[in-house]
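>>> this one's sequence-less:
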């Protein structure tokens, strides 16, 4: 049987072409590997269905909520814009500098 | 539709409307992201508002090496984590803080349904693994985007995701509720693994 990591990569479409053909063969012919993959996919589906944020979908799809929240943010930006703008506050911020 | 990076350039030149459009585009997913960390919509709104304010104030420092979305996700995650730290008054190690749902309720794991069980187990994961898992499964982001947000190499983002999934698979297969959902031969194999 292949290591679990390989099947996770397979499920996520992250497998190198060379390994992909081996895994495709196992999916066709190995019942054990089929079962591992099937259960990983089931776990992934269950995880997706358990998303905590699904609890707020009704509010998020409400146009009024969306637009009021947007308005609130823009108003606070405008207020802030009047006071000051740009770098200078003493706070460390994430940058988008390239990772090594 | 105007691309994000063009709107960013306009925002840098002081066009509030351009930044307003960016807010409109990303506020929903940012609210979901913050809510997953905090489990409270009002707090999530505060965090997103604060994060977008920070992004606006620091827009000139954004170099465009990653997507704007990754950058604001990163700011929002950091802000939400700080909010959690504040909420727990530094008595709890942030790496050990469960997602809000898991932390707020002392529930008997065996008596809750599968969805709750999963949320509890996800909440027990180390923060980095939970973040990678959440960004991949709930936000459908690529590992390159996740690496940008987590400020780590691509392989590390992927490893965090894998570890999270492997841990969940192992732990949850041993919970009797989930056991019910597994085929017999899988249960036997997992028991042998343990």
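It's in. What you see is a predicted model, and the numbers here were worked out from it, not measured in a lab. Numbering: from 1, shown residues only, chains lettered A, B, ... in the order given.

>>> so residue A:80 touches residue B:55, yeah?
No: counting by CB atoms under 8 Å, residue A:80 stays clear of residue B:55, with 11.7 Å between them. C-beta: built from backbone N, CA, C; applies to glycine.

>>> and the closest residue in space to residue B:130 that isn't next to it in sequence, helix, strand or coil?
Sequence neighbours aside, residue B:122 is the residue nearest to residue B:130 in space, at 6.2 Å (criterion: CB to CB, 6 or more residues apart in numbering or on different chains). Under DSSP: H, G, I helix; E, B strand; the rest coil, the three-state class of residue B:122 is helix.

>>> How many residues are close by residue B:122?
Residues lying near residue B:122 (other CB atoms under 10 Å in any protein chain shown) number 26.

>>> same question, residue A:7
Neighbours of residue A:7 (other CB under 10 Å): 23.

>>> What of residue A:76?
Residue A:76, neighbours per other CB under 10 Å, totals 15.

>>> can I assume it is in contact with residue B:49?
Yes: taking CB under 8 Å as the definition, residue A:76 is a contact partner of residue B:49 at 6.3 Å.

>>> Spatially, what comes nearest to residue B:167 if we skip its sequence neighbours?
Nearest residue to residue B:167, sequence neighbours excluded (CB to CB, 6+ apart): residue B:125, at 6.4 Å.

>>> swap that for residue A:49, please
In space, and not counting its chain neighbours, residue A:49 is closest to residue B:115: 6.6 Å by CB to CB, 6+ apart.

>>> quick one: the one you found from residue B:126, how far?
Distance of residue B:115 to residue B:126, computed by CB to CB, to the nearest Å: 22 Å.

>>> returning to that earlier point: before we move on, which element is the residue nearest to residue A:49 in?
If you go by DSSP states H and E, residue B:115 is part of helix B:114-123.

>>> Kindly provide the whole-number mean pLDDT of the next helix or strand after that helix.
Scanning forward in sequence from helix B:114-123 by DSSP H and E, the next helix or strand is helix B:127-133. Averaged over helix B:127-133, pLDDT sits at 93.
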